[in-house]
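S.K.: just coords:
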């Protein structure tokens, strides 16, 4: 394996309590027909404070199920999820979640959507407006702060959702394929926005993104966790050494993308996968 990859316990990891941990996590789901399936089985990993990690794998391998447990939206069938060493019991302002649907309130302006999130965490009026405007400016939306969500493109609405999350200064941002429905050009623009936002965050916010897009994962992440077909388990971890800000034309990026594609292809061709 190339020097762009690492084992599941890379020696360069810093000692101490991880920001996020999952320990022996198993998650079951009930299908519409009532069938009970195991989405992910016995998954364990740590994410340090300030890291950017992407989790990818075949459809149905439990990626979203794991993220929902970390967000406090679901409970595991076995194992546990930890935030700063303490069990995650439910949602909290220390974690923001980005979904495919930006979920903006259509009757509020873009700025008001961001301000509402700040109001919910008890940020005062004057500071609330300033923080909302600063967050919108950071994702290039300062000039459309008074627009309604329906007046924006899909990519701009997703930028607004990102601004809303970052304005609240969460310790952790969890992304569930937030760019999955965007066209290729808009997706690349948003990837660059996320890179800049993460690099500019004070103390480096911890990011965990779920994606099906290998190029996106390698472009954004410090480490990429690759999962098997259902029931999902960790196959391998790739540590990305390319300097930031990154470019998809970087030779190292291309090499790691090829390695991950080959791993996923072998997994999908495996009997019973």
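M.R.: Everything's here; your move. Since the structure is predicted, the reported quantities are computational estimates derived from the model, not experimental observations. Numbering: from 1, shown residues only.

S.K.: drop to CA atoms for contacts and neighbour counts, all remaining ones
M.R.: OK.

S.K.: got the residue ranges for the helices in the chain?
M.R.: Taking DSSP state H as the test, the helices found in the chain are 63-71, 110-120, 125-138, 154-167, 184-200, 214-220, 251-269.

S.K.: could you give the angle of the second one to helix 154-167?
M.R.: The one in question is helix 110-120. Going by axes from the mean of the first three to the mean of the last three CA atoms, to 10 degrees, helix 110-120 is angled at 30 degrees with respect to helix 154-167.

S.K.: buried residues in helix 110-120, which are they?
M.R.: Buried residues in helix 110-120, counted by 16 or more other CA atoms under 10 Å: 110-118.

S.K.: please state the offset of that helix from the chain centre?
M.R.: Helix 110-120 has its C-alpha centroid displaced from the chain centroid by 21 Å (CA atoms, centre = their mean, to the nearest Å).

S.K.: packing partners of that helix?
M.R.: If contacts are counted by 3 or more CA pairs under 8 Å, 6 or more residues apart in numbering; DSSP states H and E, helix 110-120 sits against helix 125-138, helix 154-167.

S.K.: so what touches it?
M.R.: 104-105, 125, 128-129, 132-133, 136, 144-149, 160-161, 163-164, 167-168 (CA atoms under 8 Å, 6 or more residues apart in numbering).

S.K.: tell me what angle it forms with helix 125-138.
M.R.: Using the same axes, to 10 degrees: helix 110-120 against helix 125-138 is 130 degrees.

S.K.: so for helix 110-120, what's the average pLDDT?
M.R.: Mean pLDDT, helix 110-120: 95.

S.K.: same question for the shortest one.
M.R.: The average of the pLDDT scores along helix 214-220 is 93.

S.K.: related to what we said a few turns ago, of all the helices of the chain, which one is nearest residue 240?
M.R.: Ranking those by proximity to residue 240 (CA to CA) places helix 214-220 first, at 6.8 Å.

S.K.: what residue ranges in the stretch 151-273 of the chain score low on pLDDT?
M.R.: For the stretch 151-273 of the chain, the stretches flagged by pLDDT under 70 are 202-203, 272-273.

S.K.: thanks a lot, catch you later.
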